[in-house]
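Visitor: Model the following, please.
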Amino acid sequence: MFKLKRQIRDFKNYLKNREYIWKFKLFICLPIFILMLIIDFASKFTAFKLLNIGGKSVNLIHNFLAFNRVNNSGIAFGYNDNAAALPGTIAIAVLIAIFILLLFLFINNKKLAVVLVIMFAGASGNLLDRMWHNGKVIDFIQMGPFASPWYICNLADIYIILGACSLFIIILIDNIQSYIKEKKLEKLEEEENIKKVNVNQNGKK
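Guide: Numbers count the residues shown, from 1 in each chain. Coordinates of the predicted model:
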């Protein structure tokens, strides 16, 4: 029992003394979040006003990119677009948004903070859209081979996907750099040990 209390106290002290880069999050990340949220809202509002559901697609790049509005009750790219599954979809979206927010508040890496705030802007944008459109989001960017109807999304979806890919790349690069640095330190230590051994052997002679 005493050990558990000590561990809890140590964890509280760790959280209290941890650097959370609040200034960076407030003056850099918050404006990014607000700007991306505004852009997402403006794009959906424009699609709502100018594009009709089931109407003719507006082709931008032939057989690859077009504007075609749908009201999506599913997750990203129209996955699980089923009215019966809507409560579960909203619950998952809320949990994902909360998880991203908690990660953002906890981390102290500036690159990861920017990536996470981009993802949070995407998750928040879709959640707000669901509040205004009876649980559905406006998807209007139709992309992929032959502008497939299976690949219709919005800017918020793109924020989340780009953020997730960037997060993976940043973590991968950091791990590779840490591995290389560790190997260099091991090599230096090995060379130092060899020098010490040689010095001791020369001294004995």
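
Visitor: Touching stretch 31-46 from outside, list them.
Guide: Residues outside stretch 31-46 that contact it (Cβ atoms under 8 Å, 6 or more residues apart in numbering): 114, 117-118, 120-122, 124-125, 128-129, 137-138, 140, 154-156, 159. For glycine as for every other residue, the C-beta is placed from the backbone atoms N, C-alpha and C.

Visitor: again, 6 Å this time
Guide: Residues from elsewhere that reach stretch 31-46 (Cβ atoms under 6 Å, 6 or more residues apart in numbering): 117, 121, 125, 138, 155-156.

Visitor: of the residues you listed, buried ones?
Guide: Neighbour counting with 16 or more other Cβ atoms under 10 Å marks 117, 121, 125, 138, 155-156 as buried within the contacts of stretch 31-46.

Visitor: could you dump the residues you listed to TSV with pLDDT, distance to Ala47 and secondary structure?
Guide: Below are those laid out as TSV (pLDDT from 0 to 100; distance: Cβ to Cβ, whole Å; DSSP: H, G, I helix; E, B strand; the rest coil):
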residue	pLDDT	distance to Ala47	secondary structure
Val117	97	24	helix
Ala121	97	18	helix
Gly125	95	13	helix
Ile138	92	6	strand
Leu155	96	10	helix
Ala156	95	12	helix
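
Visitor: Those: which two are farthest apart?
Guide: Val117 and Ile138 (22.4 Å; Cβ to Cβ).

Visitor: which one of the contacts of stretch 31-46 sits closest to Glu189?
Guide: For the contacts of stretch 31-46, the nearest to Glu189 is Val117 (39.5 Å; Cβ to Cβ).

Visitor: and the closest one, how far is that from Val197?
Guide: Val117 sits 52 Å away from Val197, going by Cβ to Cβ, to the nearest Å.

Visitor: Please consider this matter closed, and thank you.
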